[in-house]
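Participant: sequence-free structure coming up:
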């Protein structure tokens, strides 16, 4: 589990692309502290497993499913990425519950300044927007942010200079694709509120407790 508080901006040293997957070589420093092979580090909001490491950085495998559902496929040598280690049990919970399993992507359609704040308006699919609520939490490229406005087509966040200066949001321009993860609590609530489907035998049998009772069993 992550919190959406970025620990370090790393840099892609190289990308080894296969037919459907890829291996990222990431140069970093701070997130290496206490990290071992097999640990999880979120890269632009995507939970990836450390497969090898040295004193300059580490590597992570990216499977086809992740490349299709995220913006990681567009990374190249020199790209800057947001990095966060998995939250330790005794850590401070500074953001919100972030699983590192993104729901999809969005497109930045507008960037504007409001005195010291910077506004980002992001357009995304209705299936993602349904879980985004005003004053709720959203993760953009791994960054825990508060939703300021929501419409039928997009949503907006307003960030302070500290957030922009310590994450890759400073690199983003209109038209850029970003990774999105909505608040997981809303998805769990929706699932629990759905009517439970009647259980049936795996072979399609209609034998149920009601049928047995009606026939004297």
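Facilitator: Thanks, I have the structure now. It should be emphasised that the depicted structure is a prediction, and the values quoted were computed from it without experimental measurement.
Participant: could you tell me the end-to-end distance of stretch 73-82?
Facilitator: 15 Å (Cα to Cα, to the nearest Å).
Participant: residues near the residue lying closest to residue 63 once chain neighbours are set aside, how many?
Facilitator: Spatial nearest neighbour of residue 63, chain neighbours left out: residue 21 (5.3 Å); criterion: Cβ to Cβ, 6 or more residues apart in numbering. C-betas here are computed from N, CA, C, even on glycine. Residue 21 has 14 neighbouring residues, counting by other Cβ atoms under 10 Å.
Participant: surely residue 21 is in contact with residue 64?
Facilitator: Yes. Using Cβ atoms under 8 Å, residue 21 is in contact with residue 64, at 5.6 Å.
Participant: before we move on, back to that, contacts only, for the residue nearest to residue 63.
Facilitator: 61-64, 67 (Cβ atoms under 8 Å, 6 or more residues apart in numbering).
Participant: so what does it have for phi and psi?
Facilitator: Note on residue 21: its backbone torsions stand at phi -120, psi -180 [degrees, to the nearest 10].
Participant: and if you look at residue 44?
Facilitator: phi 50, psi 40.
Participant: residue 182 versus the one residue sitting closest to the centre of the chain, what's the distance?
Facilitator: Centroid check for the chain by Cα atoms, centre = their mean gives residue 102 as the closest residue, at 3.5 Å. According to Cβ to Cβ, to the nearest Å, residue 102 and residue 182 sit 9 Å apart.
Participant: name the residues contacting each of these two.
Facilitator: Going by Cβ under 8 Å, 6+ apart, residues that sit against residue 102 and also against residue 182 are residue 139.
Participant: picking that back up, so can I have TSV of the contacts of residue 21 showing secondary structure and neighbour count?
Facilitator: Output for these, formatted as TSV (DSSP: H, G, I helix; E, B strand; the rest coil; neighbours: other Cβ atoms under 10 Å):
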residue	secondary structure	neighbour count
61	strand	16
62	strand	23
63	coil	12
64	helix	13
67	helix	19
